[in-house]
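[1] Dropping a prediction and its sequence here:
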Amino acid sequence: MRKSVLMLALLLGPFAARPGLADDDDRCDESDGACNEAAILAADDALQAAVAERGIAAAFAGALADDAALIATRQPLITGKAAIVAFLGSSISPAATLTWIKARGDVSAAGDVGYTFGWTTFTAPGGTATPGHYMAMWRRSRGHGHTWALETYMRYNALPRTPPPASFGALEPPVDFGDRVDQQHALSQLHVLDNEFSALAVGKGQPVAHEEFAAPDAVEMLSDVTFGRDAIVASHAHDGFVLSWTSTGGGMSESGDLAFTTGPFVVTVPGTTISISGHYLTIWKRQPDGQWRYVVGSGT
């Protein structure tokens, strides 16, 4: 699923970026799916505006929660605001710029968790522009203002934007399955499912695993973006490697219909000593039949 392992990745933990649509007047309740989707897209736009105004490192560092976590390529897990600010300050020039184009955004039935993803352009101080992709998990606070906060963020270098197919249109509205869930328990069950996904990929190959675990409109973001389960399955028909992963982190919506998992992965090539490791982010959505299927996936 995450076969491109030579990508530059940036995975950040929670932060409190102020969105353009902050729900201060409670204009979006949890049952208003269209409004919540507009709000998550506005939050994504507000983050980009902050980056343009203050610079990449300053915009992210100024919004980090004290308990934020950062995973970067060839770096150990970095935890805590002070450590992350130091890392960003030493690795990103204040003169660099980052812009992006959203591909899609979606929100849980409870209106508390959402995601966005799309294509980025990182421009170095000398003017060299590098295309890439990003994925972002958001969580809306239940305190004053109901503001959206970016819970997990991934960005990495990749191929230039490939326009999505015409079939990549509007999303099905979220399905509210009723009672609110014990989020920790539900997430632990999703960890089990994600690890079963890995075991199937190792045992029977990625085409079989993706056929089983991908949503019909799933998106896989590697060096390029692949849209739709059938295309994803076909893209792995001639893989010459074995990919395994372990689900260790993530988050769950109150409504138990939208979630994400993260953790380490290892790529090995049979008959060689090649072994490459990294981290992944997979976004999951509960389907109308009650089954969990992934909707967006990527890795460093």
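    That came in fine, so what should we check first?

[2] Show me how the record splits this protein into domains.
    10-157, 183-299 (automatic domain parsing).

[3] hey, least reliable of those domains by pLDDT?
    Mean pLDDT is lowest for domain 10-157 among the domains of the chain, at a mean of 78.

[4] any idea which element the residue nearest the centre of the chain lies in?
    A centroid search over the chain (CA atoms, centre = their mean) returns residue 135, at 3.5 Å, as the residue closest to the centre. Of the helices and strands defined by DSSP states H and E, residue 135 is found in strand 129-140.

[5] Listing partners with orientation, what would you give for that strand?
    strand 113-123 (antiparallel), strand 148-157 (antiparallel) (DSSP bridges).

[6] which residue ranges form the strands in the stretch 151-300 of the chain?
    Ranges of strands within the stretch 151-300 of the chain are 214-221, 225-227, 242-245, 249-252, 258-268, 275-286, 292-299, based on DSSP state E, counting those that start in this stretch.

[7] Tabulate those (a markdown table), appending distance to residue 159 and mean neighbour count.
    Just so you know, the C-beta spots here come from the backbone N, C-alpha and C atoms, and that holds for glycine as well. Listed next are those as a markdown table, based on distance: least, CB to CB, whole Å; neighbours: other CB atoms under 10 Å:
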| stretch | distance to residue 159 | mean neighbour count |
| --- | --- | --- |
| strand 214-221 | 10 | 22 |
| strand 225-227 | 8 | 20 |
| strand 242-245 | 20 | 20 |
| strand 249-252 | 27 | 21 |
| strand 258-268 | 19 | 21 |
| strand 275-286 | 18 | 21 |
| strand 292-299 | 13 | 24 |
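
[8] Between those, which one is closest to residue 113.
    strand 258-268 (5.1 Å; CB to CB).

[9] That closest one packs against which elements?
    Under the contact definition 3 or more CB pairs under 8 Å, 6 or more residues apart in numbering; DSSP states H and E, strand 258-268 sits against strand 113-123, helix 183-204, strand 242-245, strand 249-252, strand 275-286.

[10] related to what we said a few turns ago, out of the strands paired with strand 129-140, deepest packed?
    strand 148-157 (a mean of 23; mean count of other CB atoms under 10 Å).

[11] Return the distance of that one from the chain's centre.
    Averaged C-alpha coordinates place strand 148-157 at 6 Å from its chain's average position (CA atoms, centre = their mean, to the nearest Å).

[12] quick one, it and strand 214-221 angle?
    60 degrees (axes from the mean of the first three to the mean of the last three CA atoms, to 10 degrees).

[13] Can you show me the CA trace of strand 148-157 as PDB?
    C-alpha atoms of strand 148-157 as PDB (Å, rounded to 0.1, in the frame of the first residue of the first chain):
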ATOM      1  CA  TRP A 148     -11.000  22.800  14.300                       C
ATOM      2  CA  ALA A 149      -7.500  21.600  15.300                       C
ATOM      3  CA  LEU A 150      -5.100  19.800  13.100                       C
ATOM      4  CA  GLU A 151      -4.500  16.500  14.800                       C
ATOM      5  CA  THR A 152      -2.200  14.700  12.300                       C
ATOM      6  CA  TYR A 153      -0.400  16.000   9.200                       C
ATOM      7  CA  MET A 154       1.700  14.300   6.600                       C
ATOM      8  CA  ARG A 155       3.600  15.900   3.700                       C
ATOM      9  CA  TYR A 156       6.100  14.300   1.400                       C
ATOM     10  CA  ASN A 157       7.800  14.900  -2.000                       C
END
